[in-house]
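Asks: Coordinates for the following, if possible.
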Amino acid sequence: MPTEPDDDEIVTWWGLVIEGYLATQDRLMGEIAEQFGLAPASFDIILRLIRSPDHRMPMTRLAKEAALSSGGFTKVADRLAAADLICRVPSADDRRVTYACLTEHGLDVAEQARKACADVLRRTVLEPLGPQASESLAEAMRTLREVNGAD
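Replies: Here you go, the predicted structure:
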């Protein structure tokens, strides 16, 4: 019968999760920055937009999903707009709502960056872990997000 892990063991396990995530994320974001000049928050936002219907999302929802403050999101959105990656479009139905939308250039960059991201993750996660362990890792992290995430 397996024994319950002791305090040191479980703390060590969690430390390894964090260290593995940080090392992989640093490599991923370094390659994205080098290839596309995108900071992590900008990359996150264009990925969210490319996966959204019509490649647009209300700015307040996008800020919340990206875990950015209103001011922090505005700065990132301003940089993305200045780089012609997004544009702001007022809602036709609710004047309180403004959408962030990918521009044609933004859609092109987002598609290329998403492909580059997948290529890096294949090298840094899928190859060393294999498909089954990679899927198990994702499911485990989904469970932790559901159990521990904000309401």
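
Asks: residues contacting the residue nearest to the spatial centre of the chain?
Replies: Central residue of the chain (Cα atoms, centre = their mean): Asp44, 4.1 Å from the mean position. Neighbour list for Asp44: Ala66 [criterion: Cβ atoms under 8 Å, 6 or more residues apart in numbering]. No exception for glycine: its C-beta is placed from N, CA and C like everyone else's.

Asks: Secondary structure element holding it?
Replies: In the assignment (DSSP states H and E), Asp44 maps to helix 40-50.

Asks: Show me where the chain dips below the pLDDT cut-off.
Replies: Residue ranges of the chain with pLDDT under 70: 150-151.

Asks: quick revisit: the helix holding Asp44: which residues count as buried?
Replies: Judged by neighbour count using 16 or more other Cβ atoms under 10 Å, the buried positions of helix 40-50 are 41-50.

Asks: coming back round to it: and the gap between the residue nearest to the centre of the chain and Ala67?
Replies: 9 Å (Cβ to Cβ, to the nearest Å).

Asks: Show me where this protein has its helices.
Replies: 7-36, 40-50, 59-65, 70-82, 104-121, 127-148 (DSSP state H).

Asks: Tell me which of those is the most buried.
Replies: helix 40-50 (a mean of 20; mean count of other Cβ atoms under 10 Å).

Asks: tell me the angle that one makes with helix 104-121.
Replies: Between helix 40-50 and helix 104-121, the angle comes out at 110 degrees (axes from the mean of the first three to the mean of the last three Cα atoms, to 10 degrees).
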